[in-house]
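Participant: One predicted model, sequence on top.
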Amino acid sequence: MQYFLYLDNNTIGPMTANQVAAYPVNAHTLVCTTENHQWLPLMQFPELMSVINRNNNASYGYTPAFNTSGTDSKKTTTGVLALLLGWLGIQYFYLDKPMAGIISIILSIVTCGLWGTIMFIQGIIILTMSPEEFERKFLNPATSFPVF
């Protein structure tokens, strides 16, 4: 089976499972196959997970292949920033998406502050979504201006 990776806003592939394991991937890296043409998290592909875990164990001794604790704290911080300072786009600057932050500031000015209400709702949504969904929508999005 051939795989495609979505890394750093680029599609890479086609490649084999061993080639995928050579890239800096994690359980939430988006993967597409030549068979289903749908982007899914890498964790949905057991054959890839086994190759990556096998490579990690062989290279470094036993270490867990993936750690999502950093995503959880980043999700919480982003959600709180969106609640408190969303009208300034601070959450986008925190996520290293400065253009989205600038667009958010402009939208706040143009809408006379109503954009802040939308960002407040976004903060609530971020705080209630799973870390996997947060990573897919905000850390590895298909767009450079993720709203919901």
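Facilitator: Good, I have the coordinates. No experiment lies behind these values; they were computed from the predicted model shown.
Participant: After the helix or strand bottoming out on mean pLDDT in the chain, which helix or strand is next?
Facilitator: Lowest by mean pLDDT, DSSP states H and E among the helices and strands of the chain is helix 46-60, with a mean of 70. Note on helix 46-60: by DSSP states H and E, the next helix or strand toward the C-terminus is helix 69-85.
Participant: buried residues in that next one?
Facilitator: 71, 74, 75, 78, 79, 80, 81, 82, 83, 85 (16 or more other Cβ atoms under 10 Å). Any C-beta I mention is one placed from the backbone N, CA and C, and that applies to glycine too.
Participant: wait, doesn't the second one sit right on residue 139?
Facilitator: If I follow you right, that is residue 74. Yes. The pair residue 74 / residue 139 is scored as a contact, 7.4 Å apart, by Cβ atoms under 8 Å.
Participant: Can you work out which residues contact both of the two?
Facilitator: By Cβ atoms under 8 Å, 6 or more residues apart in numbering, residue 74 and residue 139 have these common neighbours: residue 95.
Participant: What's the local residue count around residue 108?
Facilitator: Per other Cβ atoms under 10 Å, the neighbour tally for residue 108 reads 19.
Participant: so it is in which element?
Facilitator: Counting by DSSP H and E, residue 108 is found in helix 98-110.
Participant: Output the contacting helices and strands for that helix.
Facilitator: The helices and strands touching helix 98-110, judged by 3 or more Cβ pairs under 8 Å, 6 or more residues apart in numbering; DSSP states H and E, are helix 90-94, helix 114-128.
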